[in-house]
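1. structure for this input, please:
(chains A and B)
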Amino acid sequence: MQLPPALHARLAGAPGSAEPLPVERDPAARTAPFRFAPRPVRFPREHDFFEEGDVQRHLYLQDVLTQVGGAPERPRVPEFTCQVAGCCQVFDALEDYEHHYHTLHRNVCSFCKRAFPSGHLLDTHILEWHDSLFQILAERQDMYQCLVEGCTEKFRTSRDRKEHLVMRHLYPVDFRFDKPRKSRGPVMPGAAEQVLAEAPGDDGVPSEVDAMEVCSEHVEPPPAPAGERRAYSHRVPHEDLKGPRREISTSNGGSSAALWRCCRAFPPRRRGPRTLARAALHVAGL
Amino acid sequence: MWSRQRGRLKPLCCGVEELRCRRREREAALRKARREQQLVSKRLLRDEALEEAEEGCVAMIFGEAEIQQFLRLAQRGTEEKEREGALVSLRRGLQRPETQQTFIRLEGSIRTLVGLLTSNQALLQLEAARCLHELSHSEQSAVVEACLPATSYLLTYLSGHSSDFISPHLTVLEALGYALSQLLQAKEAPEKIIPSASTDSSVLGSTLPQHMLQLLQPGPKLNLGVAVEFAWCLHYIICSQVNNALLITQGALSTLGLLLLDLAGAVQRTEDAGLELLACPVFRCLSNLLTEAAAEAVGGQLQLRDERVVAALFILLQFLLQKQPSLLPEGLWLLNNLTANSPSFCTSLLSLDLIEPLLHLLSVSNVVSVLVLTVLCNVAEKGPAYCQRLWPGPLLSSLLDTLAFSDTEVVGQSLELLQLLFLYQPGAAQAFLQQSGLQALQRHEEVAQLQDRVHALQQTALHG
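-> Take a look at the predicted model:
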């Protein structure tokens, strides 16, 4: 089946629809014994028409399952250490490192060092915890946005939002999204994610699971370390991740190169001043 | 799990021919099961997979105490290996329905599992995803439903605005999508489960379809394995016809249309095995959505108008012709639904020179031929301006070929097309006569379903 060459160009081209040719039907067209009429067709799920596609789908699932049953093969490399300042976690598989980095170092608040699973949640945290304008606005209107994609509810307080998340979206009661900053020195493998310590506003009760909250209670954010106070929040500075600080000697150099690639491919995100704050300033006529 | 291992060859302990033979047998078994309405993936998949994967290792039934022990170890064990091992044992146990039941009835078990699914330890996350996978296999919908409440939360954690996914997250997403698709495929889904997916107050909530659509957004972060699972979820929701108008207002048509474009682009770039796995549910979703009144309603933006969709569809049809011809009917069904009531799309077929490629498909199978002829009828019935562009060209000789088919439906559709051509295109009847058209018609003079139309055409051809 040969396609006209221009077709591929059309696909890559701009959106648009063809100007339709004039439609002019003759009533004789649908006269008996002829009965054709154009119509979109609908098939219910059990229809035979779907047999082939369903069979292909199941063949695929069968293949997947036989693979899921086996243990995963994970390529091991000589041990190496996370290069982020203050983190001494050791790894012997690149996938683990990638996961660790993304979970704990990629979306980090530069003020309070909390780590978040996604840029969106980090943005929300910065807005709610480190933006004084947010607090001013929050006194007058509902500013706490629901965290669930597509839900447009806003709330007066963080507690109200949390209740909404638990009641409507069935979040775990003790959820948190932030990984707290580590107040101790080297990270103890396996222990860090269990501890919810020293975060302002905590009632000090440790949670049993990896729990998540963008902002449990609003309290004054901790004073920024001297020299780092800024008018607007921003992310972990790029300098932390220029590359491996020390040479890691490996038999093949593979893991340090991979570390480098991992860091460079995913630098921490930087954003300018909060869009909301800017907009609010604009609205306020400033 | 899925993504990484797809394409990896299993150790070949038998020859290629034997593999093909086994695959044909599996296909035949699946077809039979579906006809008997037994194509519930869970049961079939379980039986086959268990034989292959477990190899004599029988899963044990665990009681409450044991499950609690495993969960405790997984959550709080000090040694990573110990924690992983606990989850592996739990997962094996969860292959037994008895263990599944005990698990979901145990307070806090799902919550713990969810916590592990969002762990910052890759291995634990992966093993927890496998546990979820086992649970979603259950034939008892109560088990799968128990896992569902966590969906919103998990999706927020896994997908909220993140511009890059890492592999354990992808695995968990895929497992989640698969679990959902199993649930949505269940017989009771249209009455009991899906309605709640579309309304506000319920287990699934109104945001789930939006999450799914978000996960289907084309772009660099689209992952094939994840997209396949959620596309199937969407298909089960849509073909249950519960509230498709709502989906349209949420932009389903444009998201799926863009995804189709993306797929066509991907197909051109790579030989990636598996793109047809995504094409199929996308065809189905689009085609069924196009039958909704809302799809034609005023308000351009939500509708599908972009002619690149037609270009993409043909690129995919060409791909399927090579890779998986059995899926051609589904693609042509979409083409029918696009063109039936759309002069614009019919014009696109003409202006993009797609009639001839369409005619090439006429020899593939009877089902395909009927669909091709139907699409051509969609174009021709719009009047002289359209028929003019169908003529001259290979159309007449293709029609004479199809008149030689023995399949009644193929011939019937050919007769309909001929009638339209005779009506709107001067000279068509004449040319038909000159190419021995009457003889071609004669074959079918005695066929009950065809004879009236055959005679009418003979009259028209002879007397105008």
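
2. now the strands for chain A?
-> Residue ranges of the strands in chain A, as given by DSSP state E, are A:80-81, A:90-91, A:144-145, A:154-155.

3. deepest-packed of these, please.
-> Most buried of these, by mean neighbour count (mean count of other C-beta atoms under 10 Å in any protein chain shown): strand A:144-145, with a mean of 20. C-beta here means a position set from N, CA and C on the backbone, and glycine is covered the same way.

4. what distance do you get for the most centrally placed residue in chain B to A:E51?
-> Central residue of chain B (C-alpha atoms, centre = their mean): B:P281, 1.5 Å from the mean position. As judged by C-beta to C-beta, to the nearest Å, B:P281 and A:E51 stand 15 Å apart.

5. do A:L7 as well
-> 30 Å.

6. more neighbours: these two, which one.
-> Using other C-beta atoms under 10 Å in any protein chain shown as the criterion, A:L7 and A:E51 rank with A:L7 on top: 21 against 16.

7. can you read off the pLDDT for the more buried one?
-> With respect to pLDDT, A:L7 scores 95.

8. ok, it - contacts?
-> Contact analysis of A:L7 by C-beta atoms under 8 Å, 6 or more residues apart in numbering or on different chains lists B:311, B:314-315, B:352-354.

9. could you chop chain B up by domain?
-> B:61-148, B:382-463 (the TED database).

10. can I get the ones you listed in CSV with distance to B:C21 and mean pLDDT?
-> Formatted as CSV, these follow (distance: least, C-beta to C-beta, whole Å; pLDDT from 0 to 100):
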stretch, distance to B:C21, mean pLDDT
domain B:61-148, 27, 84
domain B:382-463, 29, 94
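
11. can I get the CA coordinates of the lengthiest helix in chain A in CSV?
-> For chain A, the helix that runs over the most residues, judged by DSSP state H, is helix A:51-69. Extracted C-alpha coordinates of helix A:51-69, given in CSV (Å, rounded to 0.1, in the frame of the first residue of the first chain):
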residue,chain,number,x,y,z
GLU,A,51,-12.6,-10.3,18.6
GLU,A,52,-9.3,-9.8,16.9
GLY,A,53,-8.2,-6.8,18.9
ASP,A,54,-9.2,-8.5,22.1
VAL,A,55,-7.3,-11.6,21.2
GLN,A,56,-4.2,-9.6,20.4
ARG,A,57,-4.5,-7.8,23.7
HIS,A,58,-4.7,-11.0,25.6
LEU,A,59,-1.8,-12.5,23.9
TYR,A,60,0.2,-9.5,24.9
LEU,A,61,-1.0,-9.8,28.5
GLN,A,62,-0.1,-13.4,28.6
ASP,A,63,3.4,-12.6,27.5
VAL,A,64,3.7,-9.9,30.1
LEU,A,65,2.6,-12.2,32.9
THR,A,66,5.0,-14.9,32.2
GLN,A,67,7.7,-12.3,32.5
VAL,A,68,6.4,-10.7,35.6
GLY,A,69,6.5,-14.1,37.3
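
12. so which elements touch that helix?
-> The contact analysis (3 or more C-beta pairs under 8 Å, 6 or more residues apart in numbering or on different chains; DSSP states H and E) places helix A:51-69 against helix B:2-5, helix B:16-35, helix B:41-54, helix B:275-290, helix B:328-339.

13. ok, so of the contacts of A:L7, who is nearest A:R25?
-> If you rank these by distance to A:R25 using C-beta to C-beta, B:L354 comes first, at 22.5 Å.

14. can you pull the contacts of that closest one?
-> Per C-beta under 8 Å, 6+ apart, neighbours of B:L354: A:3-4, A:7, B:310, B:314, B:348.

15. returning to that earlier point: now tabulate the helices and strands packed on helix A:51-69 in a markdown table and tack on mean pLDDT and distance to chain A.
-> Shown next, in a markdown table, are these (pLDDT from 0 to 100; distance: least, C-beta to the nearest C-beta, whole Å):
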| stretch | mean pLDDT | distance to chain A |
| --- | --- | --- |
| helix B:2-5 | 36 | 5 |
| helix B:16-35 | 81 | 5 |
| helix B:41-54 | 50 | 3 |
| helix B:275-290 | 95 | 4 |
| helix B:328-339 | 97 | 4 |
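
16. neighbours around the residue nearest to A:E51 when sequence neighbours are not counted, how many?
-> Closest residue to A:E51 apart from its sequence neighbours, by C-beta to C-beta, 6 or more residues apart in numbering or on different chains: B:R34 at 5.6 Å. Residues lying near B:R34 (other C-beta under 10 Å) number 20.

17. got a list of what B:R34 touches?
-> So B:R34 contacts A:51, A:54-55 (C-beta under 8 Å, 6+ apart).

18. B:L126 and chain A, how far apart?
-> 7 Å (C-beta to the nearest C-beta, to the nearest Å).

19. I'd say that residue and B:T171 touch.
-> Yes - in this structure, B:L126 is within contact of B:T171 by C-beta atoms under 8 Å, at 5.6 Å.

20. okay, these two: which has more neighbours?
-> Ranked by neighbour count (other C-beta under 10 Å), B:L126 and B:T171 place B:T171 first, with 28 against 24.

21. what about that one, distance to B:L123?
-> Distance from B:T171 to B:L123, by C-beta to C-beta: 11 Å.

22. B:R83 now?
-> From B:R83 to B:L123 the distance is 8 Å (C-beta to C-beta).

23. ok, B:V454 next?
-> If you go by C-beta to C-beta, the gap between B:V454 and B:L123 works out to 70 Å.

24. in a markdown table, list the contacts of B:R34 along with distance to B:A385 and pLDDT.
-> Formatted as a markdown table, the contacts of B:R34 follow (distance: C-beta to C-beta, whole Å; pLDDT from 0 to 100):
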| residue | distance to B:A385 | pLDDT |
| --- | --- | --- |
| A:E51 | 39 | 92 |
| A:D54 | 40 | 92 |
| A:V55 | 42 | 90 |
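
25. specify which member of those residues is nearest to A:E139.
-> Proximity of those to A:E139 (C-beta to C-beta) peaks at A:D54, which lies at 56.6 Å.

26. and the closest one, how many neighbours?
-> 22.

27. cool, A:D96 as well?
-> Counted with other C-beta under 10 Å, A:D96 comes out at 18.

28. contact partners for it?
-> B:121-123.

29. narrow the residues you listed to those in strands?
-> Judged by DSSP E, strands contain none of those.

30. any of these buried? List them.
-> Of the members of the contacts of A:D96, the ones counted as buried by neighbours, 16 or more other C-beta atoms under 10 Å in any protein chain shown, are B:121-123.

31. restrict those residues to those near chain A?
-> Contacts with chain A within the buried ones among the contacts of A:D96, counted by C-beta under 8 Å from any C-beta of the partner chain: B:121-123.

32. pick the one among those closest to chain A.
-> Relative to chain A, the closest of these is B:A122; by C-beta to the nearest C-beta it sits at 3.7 Å.

33. low-confidence stretches in the stretch 151-300 of chain B?
-> Low-confidence regions of the stretch 151-300 of chain B, defined by pLDDT under 70, span residues B:159-168, B:188, B:192-193, B:195-207, B:271-273, B:297-300.

34. now for the helix or strand B:A129 falls within, which elements pack on it?
-> If you go by DSSP states H and E, B:A129 is part of helix B:122-136. Of the remaining helices and strands, those touching helix B:122-136 by 3+ C-beta pairs under 8 Å, 6+ apart are helix A:94-104, helix B:64-76, helix B:80-93, helix B:97-105, helix B:109-117, helix B:141-147, helix B:167-185.

35. kindly recompute the last result at 6 Å.
-> helix A:94-104, helix B:80-93, helix B:109-117, helix B:141-147, helix B:167-185 (3 or more C-beta pairs under 6 Å, 6 or more residues apart in numbering or on different chains; DSSP states H and E).

36. now tabulate these in TSV and tack on distance to A:C82.
-> Formatted as TSV, these follow (distance: least, C-beta to C-beta, whole Å):
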stretch	distance to A:C82
helix A:94-104	6
helix B:80-93	15
helix B:109-117	22
helix B:141-147	33
helix B:167-185	17
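
37. most packed of those?
-> For the helices and strands packed on helix B:122-136, the highest mean count by mean count of other C-beta under 10 Å goes to helix B:167-185, at a mean of 25.
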